[in-house]
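Student: no sequence on this one, just coordinates:
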């Protein structure tokens, strides 16, 4: 049942990302918590959403360019991490989260390849629409546009559960075999979060923004430290 | 001859599917034809004229999906004049061809490089600081804003036709985008600080300083055009190695 939920949510996210609405629901900051909620671990999704959002903040579809498919990557990472956390009985810990990123992060890059293939496939839909218009069927011709959402849905709905299953199988095996790596992987997660924040700042392509980023990081850390806000 | 308000609302709804069948040949052509079809059905009672009108909207079209709403509205403005015999049939196509590039640039610069990443960073910081209510609030504000702007652009395009450019220029979107980019960078800095504080709480001061050091190193590496995912894997590797060292030498929890 969990994998069916993963398939449906990932498929809908793939449609929302480009084909319909674009309301940020397929962005990592929203998608990871949505998947966490759907699979019964909202805190796990909330742990993953912010760093993944910042990591892929610059993944935007400008013109005909194709960025990494951050929705596909996030869906596989979040679903895999939540299912692994359930299998371990710990929920999504930083160690689980970072292993999920290592195992499923490349799916975002694979997603760029599938996106390109989908855009090529859609040329056929456009040609078929023109043929229908030539035959005097304007309603059927424009309806072809909606069929363009089927393939992105199907690709994500198939790839994500498979990737999540692999992640959910490997992570418990690794953490059971090497229980002492839990803490070092927590450090790895901290480092990933730091890099994600930097990637987010770079995504804004603002020269003054770099100084502002550094200043805000130091001030937030110093104020939080002095106020005892470590948690 | 003008398109009724209910039909305009239907066209706007269909604008949300503009990229449903984005393709490498005509790009958003199929989406544009799908969006404008209800208006054409109203304007051209004769099936032959309707098909002829629809065919001109199958021409290659590509724009930012948000600002394209202005062009859909403007294209209806011109189709109304074509249907009334006040303009030649090529006028809507010429309008689209002239405006799609500039409006794509405005949309990419404001929405994709400014507003959306700003709200992404805001949602991330809000989630870390306040939990899911802040996430929901950030998404609600973003969606209210972009839907309002899309609807306003669509209405302005329909009412003003070519004048929509003047209306758009009055919004000073590039200036707002520059402010949003600076604000977004600040939010990412706040996020880096919060990540570091969280790491201190979980693993001790060393992990917090590691998070800040990785942010600084990442800023430099990505500025030198290092690739994102390999950089992330390198950060994880270095962080995990540092954690092992801390564990061995008794510094980590």
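Tutor: Ah, there it is. The model shown is predicted, which means the values in this text are computed figures rather than measured ones.
Student: The residue lying closest to residue B:109 once chain neighbours are set aside in helix, strand or coil?
Tutor: Among residues not flanking residue B:109 along the chain, residue B:177 sits closest, at 5.3 Å (CB to CB, 6 or more residues apart in numbering or on different chains). In short, each C-beta sits where N, CA and C put it, glycine included. Of the three states, residue B:177 takes helix according to DSSP: H, G, I helix; E, B strand; the rest coil.
Student: OK, contacts around residue B:177?
Tutor: Contacts for residue B:177 (CB atoms under 8 Å, 6 or more residues apart in numbering or on different chains) come out as B:109, B:110, B:113, B:114, B:115.
Student: Around the fourth one, how many other residues sit close by?
Tutor: Other residues near residue B:114 come to 25 when the count uses other CB atoms under 10 Å in any protein chain shown.
Student: per-residue confidence for it?
Tutor: What the model reports for residue B:114 is a pLDDT of 96.
Student: how much space between residue B:129 and chain A?
Tutor: For residue B:129, the distance to chain A equals 10 Å [CB to the nearest CB, to the nearest Å].
Student: same check, this time on residue B:112
Tutor: From residue B:112 to chain A the distance is 4 Å (CB to the nearest CB).
Student: so what's that residue closest to, chain neighbours aside?
Tutor: residue A:60 (4.2 Å).
Student: if I read this right, residue A:70 contacts residue A:24, doesn't it?
Tutor: No. Counting by CB atoms under 8 Å, residue A:70 does not reach residue A:24; the two are 11.4 Å apart.
Student: element containing the residue nearest to the spatial centre of chain A?
Tutor: Taking CA atoms, centre = their mean as the criterion, residue A:74 is the residue nearest the geometric centre of chain A, at 1.9 Å. Using DSSP states H and E, residue A:74 sits within helix A:70-88.
Student: Spit out the contact partners of residue A:166.
Tutor: For residue A:166, counting by CB under 8 Å, 6+ apart, the contacting residues are A:80, A:103, A:104.
Student: Report the contact partners of residue B:8.
Tutor: Counting by CB under 8 Å, 6+ apart, residue B:8 has contacts B:39, B:73, B:76, B:154, B:155, B:158.
Student: oh sorry, the question was meant for residue A:119
Tutor: With CB under 8 Å, 6+ apart, residue A:119 has these contacts: A:66, B:22, B:23, B:24.
Student: What strand or helix carries it?
Tutor: helix A:107-134.
Student: C-terminal to that helix, what's the next element?
Tutor: Moving toward the C-terminus from helix A:107-134, the next helix or strand (DSSP H and E) is helix A:138-147.
Student: what angle do the helix or strand following that following helix and helix A:107-134 make?
Tutor: Going down the chain from helix A:138-147, the next helix or strand is helix A:150-177, by DSSP H and E. Here helix A:150-177 points in a direction 170 degrees away from that of helix A:107-134 (axes from the mean of the first three to the mean of the last three CA atoms, to 10 degrees).
Student: tell me the mean pLDDT for helix A:150-177?
Tutor: 98.
Student: what does stretch B:94-111 give?
Tutor: Averaging pLDDT along stretch B:94-111 gives 96.
Student: Just the residues contacting that stretch, thanks.
Tutor: Contacts of stretch B:94-111 from elsewhere in the structure, counted by CB under 8 Å, 6+ apart, are A:60, A:62-63, B:32, B:59, B:61-68, B:70-71, B:74-75, B:78, B:146, B:161-162, B:164-165, B:168, B:173-174, B:176-177, B:180.
Student: So which of the contacts of residue A:166 wins on neighbours?
Tutor: With neighbours taken as other CB under 10 Å, the top of those is residue A:80, carrying 32 neighbours.
Student: Identify, from the contacts of residue A:119, the entry nearest to residue A:165.
Tutor: Nearest to residue A:165 out of these is residue A:66 (CB to CB; 26.6 Å).
Student: quick one: that closest one is in a helix?
Tutor: No. Counting by three-state DSSP, residue A:66 is located in no helix; its state is coil.
Student: Might you report the residue contacts of it?
Tutor: Here residue A:66 is in contact with A:112, A:115, A:116, A:119 (criterion: CB under 8 Å, 6+ apart).
Student: The residue nearest to residue B:112: neighbour count?
Tutor: Every residue meeting other CB under 10 Å relative to residue A:60 is counted, giving 17.
Student: Just the element for it, please.
Tutor: Going by DSSP H and E, residue A:60 is not in any helix or strand.
Student: Am I right that it is in contact with residue B:114?
Tutor: No. Counting by CB under 8 Å, residue A:60 does not reach residue B:114; the two are 10.7 Å apart.
Student: how about the contacts of residue B:177 in CSV, adding secondary structure?
Tutor: CSV is the format used below for the contacts of residue B:177 (three-state DSSP):
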residue, secondary structure
B:109, helix
B:110, helix
B:113, helix
B:114, helix
B:115, helix
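Student: Nearest to residue A:87 among those?
Tutor: Out of the contacts of residue B:177, the member with the shortest distance to residue A:87 (by CB to CB) is residue B:115, at 39.5 Å.
Student: so the helix holding residue A:74 versus helix A:107-134, what angle?
Tutor: Going by the same axes, to 10 degrees, helix A:70-88 makes 130 degrees with helix A:107-134.
Student: Would you mind identifying the next helix or strand past helix A:70-88?
Tutor: Under the assignment DSSP H and E, the closest C-terminal helix or strand after helix A:70-88 is helix A:94-104.
Student: if we look at that next one, which residues are touching it?
Tutor: Here helix A:94-104 has contacts from A:44, A:47-48, A:52, A:73, A:76-78, A:80-81, A:84-85, A:88, A:90, A:163-164, A:166-167, A:170-171, A:174-175, A:181-183, A:185-186, A:188-190, A:192, B:202, B:232-233, B:236, B:240, using CB under 8 Å, 6+ apart.
Student: now stretch B:194-211
Tutor: Applying CB under 8 Å, 6+ apart, the set of residues contacting stretch B:194-211 is A:51, A:94, A:183, A:186-187, A:190-191, A:193-194, A:196-197, A:217, A:220-221, A:224-225, A:229-231, B:125, B:128-129, B:192, B:212, B:215, B:239, B:242-243, B:246, B:251-253.
Student: Where helices are concerned, which of these count?
Tutor: Of the contacts of stretch B:194-211, the ones assigned to helices by DSSP state H are A:51, A:94, A:183, A:186-187, A:190-191, A:193-194, A:196-197, A:217, A:220-221, A:224-225, B:125, B:128-129, B:192, B:212, B:215, B:239, B:242-243, B:246.
Student: what ranges do the helices span in chain B?
Tutor: B:5-15, B:29-43, B:47-56, B:68-83, B:91-107, B:116-130, B:132-160, B:164-170, B:173-203, B:205-223, B:228-248.
Student: Surely residue B:185 touches residue A:205?
Tutor: No. Using CB under 8 Å, residue B:185 is not in contact with residue A:205, being 9.5 Å away.
Student: isn't residue A:11 right up against residue A:161?
Tutor: No. Contact criterion CB under 8 Å: residue A:11 and residue A:161 do not qualify, at 10.0 Å.
Student: returning to that earlier point: mark which of the contacts of stretch B:94-111 are buried, thanks.
Tutor: With burial judged by 16 or more other CB atoms under 10 Å in any protein chain shown, the buried subset of these is A:60, B:32, B:61-68, B:70-71, B:74-75, B:78, B:146, B:161, B:164-165, B:168, B:173, B:177, B:180.
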